[in-house]
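Colleague: Here is my input; please provide its structure:
(chains A and B)
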Amino acid sequence: MLETVFASLYKRGGIRLNDSIITIEGLHKSFKIYKKDEGLLSSLRGYWGRKGKSILAVDGIDLKVQKGEIRGLIGPNGAGKSTTIKIMSGILHPDEGKVEIMGMTPWKDRKRYVKNLGVLFGQKSQLNWDLPAVDTFALHREMYGIGMAKYRERIAYFGELLNISEIMYKPVRLLSLGERMKCELVCALLHEPALIFLDEPTIGLDIISKQTIRNFIKRTNQDMRTTFIVTTHDVSDLEDLCDKVTIINKGTVVFDDTMQSLGSYFRDRKIIDVSFRELVPLDRLEDYKVLSYQALTAKIEVQLGEKDIKQYMSEIFDCYPIKDINISNIRIEDVIKHIYSA
Amino acid sequence: MDSLYGLARLYFWNMKISLQKMMVYRFDFIASLLVSILVSGIGPYVQYLYFTRSNGYPGWTLNEMFLFQGLLLLWLGLRDLLFGDIRGYVIKFIRSGDFDKLLIKPYSPVGVILVSGFSLSGIGPCSAGMVVLLVAWSQLNLTLCWETVVLLIVMFISGLLLYLAIIIMFSAITIMLVQMNGIGLIIDRLLGFADYPVDIFPKAVQTVLLTALPFAVWTFYPTQILLGRSDIGMWVASASSLIVLWISLQCWKRCLHHYTSAGG
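Modeller: Alright, predicted model coming up:
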């Protein structure tokens, strides 16, 4: 039933399946900021003349996203992700560049465009603080012209999937952060948008709430082929949800590939976790790059090249009293850290 | 037209939600209503004291002045009832970056702002205005013909459009400057000119109140219409209101283009 509605929605928007849903080329956006030194005198001086400078927040971003993808969009604070998302949402106008999303230019076709767009700002609530979330849902029904039967069906669907059937009737101010976030998700998805931007959807949530929200995103993506763009600082969000990831740093795209590629970014480097049967002094491991060391365990990083992993293993087995050993790739978190600092 | 209908429906929804929010805190809701009604009666009383202890306003009798005061209170009440909260709402939204949320709704953002201002605080001036108006009406033995009704409707619509223009201009400048309390005070002082009959001011001020800031449409001309003293200036003020609205919308479009949001 939902899939039928979704298909008709796509038809109305003139979108064909398997198209690129987002195409961005050469996106630039700068802001003028004013510098103020410390103290009252500096505030007074500001009345006669302020030192302003232009900051390039987005510096030539190119991006392509396929329909039905869950794309991670990550980067350090101030990298330009939020500005990019705001341009993609039609909130900000870029200085330069081409943005085509669902066949529209967000800031030019804004009203028509946002009918097919859902946005969740993890730190900006759409809910009315003093009223139950269901009142905000009803307002959204009116805003997006959702029929009453359809609305009831959607509310029942979300209620069951997110386990909020009772919660949505309690005043928002009495809800926990996780419960509020689930209700925010409903606001973003109620009108069955083809594209959804989730800005830190799991920020501050406990493990169980995080998992519920991730499962919900995956389910919606599978059931309705909804495209998600997820910005997050939580690596487990990326690992659990995303097919592909785009890393933005200093306003440009520095990585744009699959999660698998990100995981094997350092193909020639491996982490070996070793447990020893008896104490091995640290100086006996000086031939290796030791990442962490305790009396009976050590984590070492090896560079493949002259020696392959088999040679490293036999060398370790020959030289040390091994109880257990585990080989893994460099952690995604460390890869991301490396890319951020590059 | 379709979007105007949509905005009217949205206004109705916002009004319902605003009432629900106020009614969550019942004591505060009832106390605010009572205070609003009591305080609103002070304005006409002060005017009465001024009128009886001075030479009053040249060309105006006490009952005519009451008629003006009744219409003024009624206008202020309706204005606050329909759009009372908007200025605070706009400043709060733009400072915090919450204005982003309006831009992702399938409406014109200025439309969403204008339909978000319902405030029950206007009920006090409205009620007090009705009472003062009825008293003055009976003292002056006024009658109502269809021509008067049409003219009053034209003035009311012009007045609404002018007030919307002021809010739009205020919102547009808020996008550029973010913090607007100072300019809000200037606007309040300027709006104070509408609290007095236009013809008591010098000619230059009268011209401004008919053209650049045609506040005369709010209370002065409706009073003059009821007293059978309307003149061509009424049409000048009405047309000026439309022009001010057009200018404010152009200003809004330009400023919206420069919206920078808040940090992510």
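Colleague: Helix or strand: which one has residue A:64?
Modeller: Secondary structure from DSSP states H and E places residue A:64 in strand A:51-66.
Colleague: neighbouring strands for that strand, and are they parallel or not?
Modeller: Next to strand A:51-66 in the sheet, as set by DSSP bridges, lie strand A:20-35 (antiparallel).
Colleague: Can you identify the element that follows the strand holding residue A:64 toward the C-terminus?
Modeller: Toward the C-terminus from strand A:51-66 - assigned by DSSP H and E - lies strand A:70-74.
Colleague: tell me the angle the strand holding residue A:64 makes with strand A:70-74.
Modeller: 160 degrees (axes from the mean of the first three to the mean of the last three CA atoms, to 10 degrees).
Colleague: Grab the CA positions of strand A:51-66 and hand them over as PDB.
Modeller: Output in PDB follows, covering the C-alpha atoms of strand A:51-66 (Å, rounded to 0.1, in the frame of the first residue of the first chain):
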ATOM      1  CA  LYS A  51      37.000  44.000  11.000                       C
ATOM      2  CA  GLY A  52      35.100  41.700   8.600                       C
ATOM      3  CA  LYS A  53      36.400  38.800   6.500                       C
ATOM      4  CA  SER A  54      34.900  36.400   4.100                       C
ATOM      5  CA  ILE A  55      35.000  32.700   5.000                       C
ATOM      6  CA  LEU A  56      34.600  30.100   2.300                       C
ATOM      7  CA  ALA A  57      32.400  27.500   3.900                       C
ATOM      8  CA  VAL A  58      31.900  25.400   0.800                       C
ATOM      9  CA  ASP A  59      34.700  25.400  -1.700                       C
ATOM     10  CA  GLY A  60      33.700  23.500  -4.900                       C
ATOM     11  CA  ILE A  61      31.700  20.500  -3.700                       C
ATOM     12  CA  ASP A  62      30.700  17.900  -6.300                       C
ATOM     13  CA  LEU A  63      28.300  15.200  -5.200                       C
ATOM     14  CA  LYS A  64      26.100  12.600  -6.800                       C
ATOM     15  CA  VAL A  65      23.600  10.400  -4.900                       C
ATOM     16  CA  GLN A  66      21.500   7.600  -6.300                       C
END
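Colleague: how about it: buried residues?
Modeller: Going by neighbour count (16 or more other CB atoms under 10 Å in any protein chain shown), the buried part of strand A:51-66 is A:57-59, A:61, A:63, A:65. (C-beta placed from N, C-alpha, C; glycine too.)
Colleague: Make JSON lines from those and add pLDDT to it.
Modeller: Supplementary listing: those in JSON lines, determined by pLDDT from 0 to 100:
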{"residue": "A:57", "pLDDT": "91"}
{"residue": "A:58", "pLDDT": "93"}
{"residue": "A:59", "pLDDT": "93"}
{"residue": "A:61", "pLDDT": "94"}
{"residue": "A:63", "pLDDT": "95"}
{"residue": "A:65", "pLDDT": "95"}
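Colleague: Let me know the closest of those to chain B.
Modeller: residue A:57 (9.6 Å; CB to the nearest CB).
Colleague: in the helix or strand hosting residue B:87, what counts as buried?
Modeller: Secondary structure assignment for residue B:87, by DSSP H and E: helix B:86-96. For helix B:86-96, a neighbour-count test (16+ other CB under 10 Å) marks B:86-87, B:89-91, B:93-94 as buried.
Colleague: Can you give me the pLDDT of the residue nearest to residue B:28 when sequence neighbours are not counted?
Modeller: Excluding its sequence neighbours, the residue lying closest to residue B:28 (CB to CB, 6 or more residues apart in numbering or on different chains) is residue B:22, at 7.7 Å. Looking at residue B:22, its pLDDT stands at 82.
Colleague: same question, the one 3 residues further on
Modeller: According to the per-residue confidence, residue B:25 scores 77 in pLDDT.
Colleague: contacting residues around residue 117?
Modeller: Let's take chain A. Shown in contact with residue A:117 (CB atoms under 8 Å, 6 or more residues apart in numbering or on different chains): A:89-90, A:193-197, B:104.
Colleague: nope, chain B please
Modeller: Per CB under 8 Å, 6+ apart, neighbours of residue B:117: B:82-86, B:89, B:167.
Colleague: okay if I get the residues you listed as JSON lines plus pLDDT and distance to residue A:320?
Modeller: Shown next, in JSON lines, are the contacts of residue B:117 (pLDDT from 0 to 100; distance: CB to CB, whole Å):
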{"residue": "B:82", "pLDDT": "91", "distance to residue A:320": "81"}
{"residue": "B:83", "pLDDT": "89", "distance to residue A:320": "78"}
{"residue": "B:84", "pLDDT": "83", "distance to residue A:320": "78"}
{"residue": "B:85", "pLDDT": "75", "distance to residue A:320": "73"}
{"residue": "B:86", "pLDDT": "86", "distance to residue A:320": "74"}
{"residue": "B:89", "pLDDT": "83", "distance to residue A:320": "69"}
{"residue": "B:167", "pLDDT": "92", "distance to residue A:320": "76"}
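Colleague: filter the residues you listed to the buried ones?
Modeller: For the contacts of residue B:117, buried by 16+ other CB under 10 Å: B:82-86, B:89, B:167.
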